[in-house]
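**Q** Sequence plus the predicted model coming up.
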Amino acid sequence: MSKGRAKNRKRNTSEPAHVKMHGVITEDRVQEQVERTGTSPFTFASSAIIAAAALLGYLVLPAALLELGIEARASMLVLGPLLISAALALTRYFLDSKRGPIRGFWVTLVTTLVALLVITYLMAFL
């Protein structure tokens, strides 16, 4: 590694430790992005919640319900889309932006639920 690169690397690592991050951008840039695009950025917490909902809805709960005698495809058709769409709407409107249950929340919930129901039905039953 050249000396110039080593100096740049040292300089970049001395950034202040008090910089607050919102997902992958700094907290002071969030308002700029919201004004420019009209959307709040995803955070790592919201991504983890949506991924956990997908795992629960499509793997963990159907496997547990299979032990109780409920068909896995039917439980995946009900639980997967419901949990993912609820997680997406809740994280976007309560966790990431604190907007609450406005019209966009319900539109996001219903459209993702319908889309995921169709996709899950096509994948599981056809």
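**A** That came in fine, so what should we check first?
**Q** can you map out the helices along this structure?
**A** Counting by DSSP state H, the chain has these helices, from start to end: 3-13, 27-37, 44-55, 61-67, 72-90, 103-125.
**Q** in the protein, which helix or strand is least confident?
**A** Least confident helix or strand of the chain, by mean pLDDT, DSSP states H and E, is helix 3-13 with a mean of 52.
**Q** got the buried residues for stretch 25-45?
**A** For stretch 25-45, the buried set under the neighbour-count rule, 16 or more other Cβ atoms under 10 Å, comprises 30, 40, 41, 42, 43. C-betas here are computed from N, CA, C, even on glycine.
**Q** Among those residues, which pair sits farthest apart?
**A** Distance extremes for those: the farthest pair is 30 and 42 at 11.4 Å, using Cβ to Cβ.
**Q** Just the pLDDT at the spatially most central residue of the chain, thanks.
**A** Geometric centre of the chain, nearest residue: residue 47, 3.3 Å, by Cα atoms, centre = their mean. What the model reports for residue 47 is a pLDDT of 92.
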